[in-house]
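[1] The following comprises the amino acid sequence and a computationally predicted model.
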Amino acid sequence: MEEFSQIESLREHLAGLRCMGESIAFVPTMGNLHEGHLELVKEAKRNAAVVVVSIYVNPAQFGEGEDFDNYPRTMQQDREKLENIDTSILFVPSDGEMYPAGDRSPATTVEVAGISEQLCGRSRPGHFAGVATVVTKLLNIVQPDVALFGQKDYQQLLVIRQLVADLNLPVEVIGVPTFREDDGLAMSSRNGYLDAEERERAPEIYRTLQWAGDQLEAGREDYPVIELEAIEKLRQAGFLVDYFSILDSGLHSVKNGSKNLTVLAAAKMGATRLIDNLPLNLR
Ligand code: PAF
């Protein structure tokens, strides 16, 4: 695995590979890699000859009082995991390389209106602008043929698909299904914040999504009532609920009869904010 921290040298290297006709897949991450990230890399390898992974904890997508300072940084273990699955290239830029003006918010930012303000955007103002800006920068730096993102961050995936379409970026975005622990908890770097008791309760978020999915499969269309019942279930399991929403797959309100739905939840277990979602194709 070759490692780069400078944009210019990464670009030179990738230009050489492109000249030799190699296709490039890109997996942007913030590190602290778990099995879910490694699945993205494996899927990337099925899509291109060269796989670039970036590790960069992007300050611009964390709000005041969020976990930027405590976000787990495990570079040596991450490097080993990526080496073990034959990743071609690791890109680990510094803050100075990504934001040379030394500002969390550069003069030019990318905001995806419509999708970004709701759900996680409501409780994390500025988060999706931070994500959209860094992802646009990274896509311009790497210029991959395909880029892969986890469906666990479903709203983020739609934000990225929208910016790629609107800015005519020549990259195919692939969403990879959520990878789960045996008890159903979606894999996330933030799961490491949970203490033993919280970890035991945390899978209830997925069980509640599945319960709502069963209600919808059974033909219920009283979406607000299902949402309230689900919120109550989560409260009883010890969560502080941010939202539990039944929307269509584009994250618009559901019209009766809609078949492609997404059920999304965000809730705090102790100090840890967890998100998860369930895509549904009703018959
Ligand atoms: O999903 C993440 O890890 C981050 O939001 C991303 C896409 C790497 C941008 O910083």
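    That came through, no problem. Residues are numbered from 1 along each chain as shown.
[2] which parts of the stretch 151-283 of the chain sit against the ligand?
    If contact is defined as C-beta under 6 Å from any ligand atom, the residues of the stretch 151-283 of the chain in contact with the ligand are 153, 156. In this view, the C-beta of every residue, glycine as well, is placed from N, C-alpha and C.
[3] which residues in the stretch 151-283 of the chain form strands?
    For the stretch 151-283 of the chain, the strands defined by DSSP state E, counting those that start in this stretch cover 172-176, 240-248, 260-269, 272-281.
[4] and what of the stretch 1-150 of the chain?
    Using DSSP E, counting those that start in this stretch, strands in the stretch 1-150 of the chain cover 2-4, 24-29, 50-55, 89-91, 146-150.
[5] Could you point out which of those sits nearest the ligand?
    strand 24-29 (4.0 Å; C-beta to the nearest ligand atom).
[6] contacting residues for residue 142?
    Shown in contact with residue 142 (C-beta atoms under 8 Å, 6 or more residues apart in numbering): 10, 14, 24, 26, 52, 54, 91.
[7] so the fifth one sits right up against residue 22, yeah?
    Same thing as residue 52. No. The pair residue 52 and residue 22 does not pass the contact test of C-beta atoms under 8 Å, sitting 11.1 Å apart.
[8] Out of these two, name the residue with the larger neighbour count.
    Here residue 52 and residue 22 are compared on neighbour count by other C-beta atoms under 10 Å; more neighbours surround residue 52, at 29 against 14.
[9] Please name the bridge partners of the closest residue in space to the more buried one that isn't next to it in sequence.
    In space, not counting the residues next to it along the chain, residue 52 is nearest to residue 89; the distance is 4.5 Å by C-beta to C-beta, 6 or more residues apart in numbering. Here residue 89 sits in beta bridges with residue 2, residue 52, going by DSSP bridges.
[10] doesn't residue 50 make contact with residue 89?
    Yes. The pair residue 89 / residue 50 is scored as a contact, 6.7 Å apart, by C-beta under 8 Å.
[11] list residues touching both of those two?
    residue 14.
[12] for the residue of the stretch 51-200 of the chain found nearest the ligand, what are its contacts?
    For the stretch 51-200 of the chain, the residue closest to the ligand is residue 58, as judged by C-beta to the nearest ligand atom, at 4.1 Å. Contact analysis of residue 58 by C-beta under 8 Å, 6+ apart lists 30, 98, 130, 131, 134.
[13] Of those residues, which pair is most distant in space?
    Pairwise distances across the contacts of residue 58 (C-beta to C-beta) peak at 13.2 Å, for the pair 98 and 131.
[14] the more surrounded of the two?
    In terms of neighbours (other C-beta under 10 Å), residue 131 is the more surrounded of residue 98 and residue 131; the figures are 25 against 19.
[15] Check the nearest residue to the more buried one once chain neighbours are set aside and give its pLDDT.
    Spatial nearest neighbour of residue 131, excluding adjacent residues (C-beta to C-beta, 6+ apart): residue 61 at 4.8 Å. Residue 61 carries a pLDDT score of 97 in this model.
[16] unless I'm mixing things up, residue 61 is touching residue 135, no?
    No. Using C-beta under 8 Å as the test, residue 61 is too far from residue 135 to be in contact (9.5 Å).
[17] Could you double-check that residue 178 lies in contact with residue 276?
    Yes. A contact is recorded between residue 178 and residue 276 when judged using C-beta under 8 Å, the distance being 7.4 Å.
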